[in-house]
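[1] quick one: sequence plus predicted model below, questions after.
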Amino acid sequence: MTLRAIQLTNTLSGKKEELKTSQPGKLTFYSCGPTVYGLIHIGNLRSALVADLFFRYFQRVGYEVIYVRNYTDVDDKIILKGHEENLLASEVAKKYTLEVEKDFAVAGLLEPTHKTTVTTHIEEIIVLIQKMIEHGNAYVADGGEVLYSISSFPTYGKLSHKRIDDLIAGIRVEVTSKKRNPLDFTLWKPAKLGEPSWDSPWSKGRPGWHIECSAMASRWLGDQIDVHHGGEDLIFPHHENEIAQSEACSGKEPFVKYWVHNAFLTLSKEKMSKSLGNVFTAREFLTRFSGEVARYLLLSVHYRSMIDFSLETVEQALNALQRIYEAKARAVELKNQSRVRSDLRAESMWGSFAASCEKARMEIDENFAHDMNTAGALAALFSLIREFNRTLAEPFAQATPSAVLAAQELIRIMEEEMGSVLGIGRLVPENALKDFGRIRASLSDIFQDSYVKEKFRERLSENAIQIAIEARIAARNAKDFAKADFIRKDLESQGVLIQDAPTGTTWQYK
Ligand SMILES: [Zn+2]
């Protein structure tokens with residue numbers, strides 16, 4: 001059997017490459033999953049959905065896929081959360097794994113072949129660390145900490161395409177560090193009192209973050225895997241370190257043939273991060289909107305492009321899905337009509353629509369095969385939908401045998417060619433449309449909600465604020481107090497408070 005030729009952008013080479021798996025017809029796939037210490041945000045959901053997209057697509061083109069996705073269930077953040085919630089770290093991990101799985105289910109994620117956790121792979125982790133020490137790639141520091149020695153791995157930096165010197169310049173060096181090289185990273189760390197710990201040859205402790213993925217990948221997929229996915233924020237240091245660990249242990253290169261990374265998500269043009277305080281959880285999104293709207297919003301843009309999450313993009317996703325389901329509702333009606341008669345004009349019109357179906361099918365296939373261009377594939381579907389609506393609007397076009405066939409083919413393209421890969425368009429149209437009605441009716445309410453309004457507030461940029469403050473100072477110096485006052489009130493109405501002090505004017509967002 002010949003498989004569909006697929007192009008993927010490989011972060012390792014920085015180029016589009018044709019996918020050739022090590023065993024024909026089989027594909028091993030690893031994706032880094034979440035750390036379970038709280039609800040995931042929609043940026044995490046995007047990563048999970050992109051992994052799901054690849055998984056669905058590889059299967060659709062005929063690969064037998066083994067897909068591993070992990071949960072990081074022991075980590076500083078989990079331990080900290082345990083202190084906050086008065087729970088054991090293991091209870092925190094269990095609680096939030098369940099919560100994450102609820103979100104994943106609502107978002108329609110397929111179950112991976114194996115869902116793995118760090119705490120069930122401690123034995124494998126210890127074996128790998130031991131190997132690295134034996135091979136001279138790791139060393140034991142005071143107190144039983146084990147560190148990876150970057151200088152033992154000459155190709156370090158090959159994934160992020162950075163020189164070691166530049167990488168060192170970019171990190172903060174701790175004065176008290178036991179590291180021989182500032183880039184050396186922890187493989188095993190001794191536990192503090194009350195922290196979860198496991199026995200090891202070096203200390204009672206727990207694994208560092210990066211080693212878990214090397215251990216789980218080799219346990220379930222072997223020393224060398226075909227495709228590894230993650231968000232682009234994981235390229236350095238996490239994935240760089242995975243390569244250093246796995247290749248040092250197995251002596252085989254490359255650890256991963258194709259590295260695929262998805263881009264960030266911004267919230268009203270700002271990068272979403274907990275430290276910026278503008279995090280929108282997947283739960284909020286999925287509860288207020290729906291799994292399918294989330295899938296459309298997060299997958300209709302190419303996985304390597306940024307997505308801005310705003311009221312506007314939510315509405316666009318909703319409109320697009322509505323167009324798909326309205327056409328599907330018409331197609332279902334056409335397919336089920338009881339009285340069918342022949343009409344030569346209709347036959348010829350639907351004949352040309354059938355040719356367009358074939359063209360759309362090919363375009364969808366081409367776009368997916370070309371580095372998962374979901375936006376291109378959807379454009380082909382929408383062009384077909386427009387033609388379907390146009391044809392159907394002809395007074396003589398309905399109730400003919402070829403119209404029935406055309407309707408069947410359109411539904412098949414929606415549900416299979418597009419739907420099986422994107423995971424959209426497969427619901428009963430009446431139900432989907434009813435649900436969009438509900439979301440739309442409450443959309444303005446949702447964005448009136450003070451919480452959401454806060455999240456979506458378009459904030460004045462720092463630059464704009466600085467210019468306004470300077471204009472106010474100039475007005476005051478010119479004794480134009482009315483103008484100065486106007487500027488202050490105007491800033492306040494846009495959510496910026498300013499304060500005058502002897503040292504100058506400071507400002508803050510309300
Ligand atoms: Zn990982």
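    On my side now, so go ahead. Numbering: from 1, shown residues only.
[2] ok and the residue in the stretch 401-510 of the chain nearest the ion?
    Residue of the stretch 401-510 of the chain nearest the ion, by CB to the ion: G423 (23.6 Å). Yep, even glycine has a C-beta here, placed from its N, CA and C like the rest.
[3] next up, the contacts around the closest residue to that residue other than its chain neighbours.
    Setting aside the residues directly before and after it, G423 is nearest to G108 in space (CB to CB, 6 or more residues apart in numbering), at 4.8 Å. G108 sits next to 52, 291-292, 295, 423 when contact means CB atoms under 8 Å, 6 or more residues apart in numbering.
[4] repeat that for 7 Å
    Residues near G108 by CB atoms under 7 Å, 6 or more residues apart in numbering: 291, 295, 423.
[5] sort out for me which of these are in helices.
    With DSSP state H as the criterion, helices contain 291, 295 from among those.
[6] pLDDT and neighbour count added to the contacts of G108, as JSON lines?
    Listed next are the contacts of G108 as JSON lines, based on pLDDT from 0 to 100; neighbours: other CB atoms under 10 Å:
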{"residue": "G291", "pLDDT": "96", "neighbour count": "21"}
{"residue": "R295", "pLDDT": "97", "neighbour count": "23"}
{"residue": "G423", "pLDDT": "97", "neighbour count": "21"}
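[7] if I read this right, K510 contacts S493, doesn't it?
    No. Contact criterion CB atoms under 7 Å: K510 and S493 do not qualify, at 10.0 Å.
[8] please say which of those two ends up with more neighbours.
    Taking neighbours as other CB atoms under 10 Å, K510 and S493 compare with K510 leading, 12 against 9.
[9] show the pLDDT at that one.
    Looking at K510, its pLDDT stands at 74.
[10] and it, what does it touch?
    If you count contacts by CB under 7 Å, 6+ apart, K510 has them with 495-497.
[11] S461 and G495, how far apart?
    Going from S461 to G495 by CB to CB, to the nearest Å gives 12 Å.
[12] tell me which of these two has more neighbours.
    The residue with more neighbours, out of S461 and G495, is G495; 14 against 11, by other CB under 10 Å.
[13] immediately after the helix-or-strand element of the chain with minimal mean pLDDT, which helix or strand?
    Confidence across the helices and strands of the chain bottoms out at helix 450-456, with a mean of 61, counting by mean pLDDT, DSSP states H and E. As assigned by DSSP states H and E, the chain's next helix or strand after helix 450-456 is helix 462-477.
[14] so what does that next one touch, helix or strand wise?
    helix 481-493, strand 504-509 (3 or more CB pairs under 7 Å, 6 or more residues apart in numbering; DSSP states H and E).
[15] okay, the ones you listed in a markdown table with distance to the ion next?
    Formatted as a markdown table, the helices and strands packed on helix 462-477 follow (distance: least, CB to the ion, whole Å):
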| stretch | distance to the ion |
| --- | --- |
| helix 481-493 | 44 |
| strand 504-509 | 35 |
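[16] any idea which of the ones you listed is most buried?
    Burial among the helices and strands packed on helix 462-477, expressed as mean neighbours by mean count of other CB atoms under 10 Å, is greatest for helix 481-493, which shows a mean of 14.
[17] list the contacts of the helix or strand that it is followed by.
    As assigned by DSSP H and E, the chain's next helix or strand after helix 481-493 is strand 496-501. Residues outside strand 496-501 that contact it (CB under 7 Å, 6+ apart) are 460, 465, 469, 488, 491, 505-510.
[18] just to revisit the earlier point, rebuild the contacts of K510 as CSV, extending it with pLDDT and distance to the ion.
    CSV is the format used below for those (pLDDT from 0 to 100; distance: CB to the ion, whole Å):
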residue, pLDDT, distance to the ion
G495, 77, 38
V496, 84, 40
L497, 86, 42
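[19] show me what from the protein comes close to the ion.
    Listed as neighbours of the ion in the chain under the rule CB under 5 Å from the ion: 32, 213.
[20] now distance to I79 too, for the helices and strands packed on helix 462-477, in a markdown table please.
    As requested, the helices and strands packed on helix 462-477 are exported to a markdown table (distance: least, CB to CB, whole Å):
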| stretch | distance to I79 |
| --- | --- |
| helix 481-493 | 42 |
| strand 504-509 | 32 |
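[21] so which of those comes closest to I42?
    Minimum separation from I42 across those (CB to CB) falls at strand 504-509, 21.8 Å.
[22] just to revisit the earlier point, what's the closest of the helices and strands packed on helix 462-477 to R339?
    Going by CB to CB, the one of the helices and strands packed on helix 462-477 nearest R339 is helix 481-493, 63.0 Å.
[23] tell me what angle the closest one forms with strand 504-509.
    Here helix 481-493 points in a direction 30 degrees away from that of strand 504-509 (axes from the mean of the first three to the mean of the last three CA atoms, to 10 degrees).
[24] and helix 481-493, how far out from the chain's middle?
    42 Å (CA atoms, centre = their mean, to the nearest Å).
[25] please apply the same query to stretch 299-318.
    Distance of stretch 299-318 from its chain centroid, counting by CA atoms, centre = their mean, is 12 Å.
[26] for that stretch, which outside residues touch it?
    9, 42, 46, 49-50, 53, 262-269, 280, 289, 293, 296-298, 320, 372-375, 378, 422, 436, 439-440, 447, 456.
[27] L392 touches A327, doesn't it?
    No. Using CB under 7 Å as the test, L392 is too far from A327 to be in contact (8.8 Å).
[28] looking at those two, which one has more neighbours?
    Neighbours were counted for L392 and for A327 using other CB under 10 Å; A327 has more, 24 against 20.
[29] list the contacts for the more buried one?
    A327 neighbours (CB under 7 Å, 6+ apart): 385, 388-389.
[30] give me the PyMOL select line for those residues, limited to the buried ones.
    In PyMOL, this line selects whichever of those come out buried by 16 or more other CB atoms under 10 Å:
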select buried, resi 385+388
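[31] mind putting the contacts of A327 in TSV, pLDDT and distance to A399 included?
    Formatted as TSV, those follow (pLDDT from 0 to 100; distance: CB to CB, whole Å):
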residue	pLDDT	distance to A399
I385	98	20
F388	97	16
N389	96	17
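[32] got the contacts of A327 as JSON lines, with distance to G33 and secondary structure columns?
    Below are those laid out as JSON lines (distance: CB to CB, whole Å; DSSP: H, G, I helix; E, B strand; the rest coil):
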{"residue": "I385", "distance to G33": "35", "secondary structure": "helix"}
{"residue": "F388", "distance to G33": "40", "secondary structure": "helix"}
{"residue": "N389", "distance to G33": "41", "secondary structure": "helix"}
